[in-house]
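Peer 1: Output the structure for:
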Amino acid sequence: MKRSRRNFLKDIGLAGIGISFTGALGACSHRGGRTLNLYTWDTYIGKHTLPDFEKAAGAHVNISLFANNDELFAKLRDGNPGYDVIVPSNDFVERLHQIGALADIDHAKVPNLANIDPRFLNPPFDPGRKVSVPYTWIVTGIGYRKSKVDGVPDSWKWVLDSDRYKGRIGLLAEASELFEIGTKYLGLPANTADPATIARVQAMLLKQKPNIATFHDDNGQDLLLGGDIDLVIEYNGDIAQVMREDKDLAFVVPKEGGILASDGLCIPKGAPNPDLAHAFINFVLDAHNGAHIAETIRYPTPNKAALALMPPDYRDSPVIFPPADALAKCEYSRYKGLQVQAAYEDAMTRVRAG
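Peer 2: Numbering: from 1, shown residues only. Here you go, the predicted structure:
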């Protein structure tokens, strides 16, 4: 059975939490007391994290969900509609910071930053973690159904440049990441701004489009689990989630290398409750709370204190923590400016319409 957002949230015990699926605020407001408005990804929080925070903080949480970074950016581009904490990926942290949409993080109010592995505290997209706090890190690869796929799909060719599994392939809908993956497959640096390279990837995707079942918005794992597709470009944590439900599913980082990302907790400028936002971020970075989140969402945690509490099936998983030789070929996505982003989005529009 396919898992909808509503079913997942019910399953993990958020029935009493204010939930919005469109990102709109206000419908689930809390009468009396403080409300934290959280805008995040689907299936991306611990089973008891929000109820536990509500109890600890004496506040209410209103959770809204976005499908991809483009949707998140569109909500914040013209001002904060009322969110206190958002969870953008690294390149979108850069984009939002450049347009002045993010407030500085007061590190004095987040003492649990001491739990974060130092490797994640000074990234190039946010030196010194001025506007973001690390939540997870991520690797993009190929999720697949072993019984339906002949061998291990260890190249992006299987999904980008082959008709072998026509009608059984799912690709990401997010323009920048899909084009970066296409560039990796061509043997070029992912973070290119070369118009000719973008045109090459566009042509490849247009040629491949008759073989594609869907361009998905953060639900490729559900499509794979439900049997709608047999191969999908997805994030390692999402595939790790559904592998617990179906042992026929697997994940691989292609030999050309994948895209690395780091999702961060940010406070948008104009947040109604900045002190509560800092309290929530600090709560999430607690060792036990961080371990609970990691156990639920199955993404790699940058929280070294939480990692020390995790069982071997998490710490030793080659899906959650791919081998070093595979990671060495991966690249962090970087924001390349409005002109390049527009070129990606225009090319993606032509692919979707073609």
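Peer 1: can we go C-alpha only for contacts and neighbour counts from here?
Peer 2: OK.
Peer 1: which stretch of helix or strand covers residue 52?
Peer 2: Using DSSP states H and E, residue 52 sits in helix 49-57.
Peer 1: Please state the backbone phi and psi of the closest residue to residue 334 other than its chain neighbours?
Peer 2: Among residues not flanking residue 334 along the chain, residue 91 sits closest, at 4.8 Å (CA to CA, 6 or more residues apart in numbering). Phi and psi for residue 91, reported as degrees, to the nearest 10, are phi -70, psi -30.
Peer 1: show me where the stretch 51-200 of the chain has helices.
Peer 2: Ranges of helices within the stretch 51-200 of the chain are 69-76, 90-98, 157-160, 175-185, 195-208, based on DSSP state H, counting those that start in this stretch.
Peer 1: what pairs with the next helix or strand after the longest one, and is each one parallel or antiparallel?
Peer 2: Yep, that's helix 195-208 we're talking about. Next helix or strand after helix 195-208 toward the C-terminus (DSSP H and E): strand 212-216. Using DSSP bridges, strand 212-216 pairs in its sheet with strand 169-172 (parallel).
Peer 1: Could you list the alpha-carbon positions for the strand it pairs with in PDB?
Peer 2: Listed next in PDB are the C-alpha coordinates belonging to strand 169-172 (Å, rounded to 0.1, in the frame of the first residue of the first chain):
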ATOM      1  CA  ILE A 169      11.800   5.100 -14.400                       C
ATOM      2  CA  GLY A 170      11.300   8.100 -12.100                       C
ATOM      3  CA  LEU A 171      13.400  11.200 -12.200                       C
ATOM      4  CA  LEU A 172      13.600  14.200  -9.800                       C
END
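Peer 1: how far away is the closest residue to residue 335 other than its chain neighbours from residue 35?
Peer 2: In this structure, residue 335 finds its nearest non-sequential neighbour in residue 91, 4.7 Å apart by CA to CA, 6+ apart. To residue 35, residue 91 is 28 Å away according to CA to CA, to the nearest Å.
Peer 1: In the protein, spot the helix with the most residues.
Peer 2: Using DSSP state H to define each element, the chain has its longest helix at helix 338-353.
Peer 1: returning to that earlier point: in TSV: the helices of the stretch 51-200 of the chain, plus mean neighbour count.
Peer 2: Supplementary listing: these in TSV, determined by neighbours: other CA atoms under 10 Å:
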stretch	mean neighbour count
helix 69-76	17
helix 90-98	21
helix 157-160	20
helix 175-185	23
helix 195-208	17
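Peer 1: As a check, name the ranges of all strands in the protein.
Peer 2: 18-20, 34-41, 59-66, 85-86, 133-145, 169-172, 212-216, 231-235, 249-252, 259-265, 331-332 (DSSP state E).
Peer 1: what stretches of the protein score poorly on pLDDT?
Peer 2: Applying pLDDT under 70 to the chain flags residues 1-32.
Peer 1: Break it down into its structural domains.
Peer 2: If you go by automatic domain parsing, the domain ranges for the chain are 5-137+261-315, 139-260+321-353.
Peer 1: re the thing from before, which of the strands of the chain has the highest mean neighbour count?
Peer 2: Comparing those by mean neighbour count (mean count of other CA atoms under 10 Å), strand 231-235 ranks first with a mean of 28.
Peer 1: which residues are contacting that strand?
Peer 2: Identification of contacts with strand 231-235 by CA atoms under 8 Å, 6 or more residues apart in numbering yields 138-145, 149, 159, 168-172, 218, 220-221, 224.
Peer 1: Please state the offset of it from the chain centre?
Peer 2: Distance of strand 231-235 from its chain centroid, counting by CA atoms, centre = their mean, to the nearest Å, is 12 Å.
Peer 1: Report the contact partners of residue 208.
Peer 2: Residue 208 makes contact with 160, 161, 162, 163, according to CA under 8 Å, 6+ apart.
Peer 1: Identify the residue nearest the second one in space, chain neighbours excluded?
Peer 2: Read it as residue 161. Closest to residue 161 by CA to CA, 6+ apart is residue 208, at 6.1 Å.
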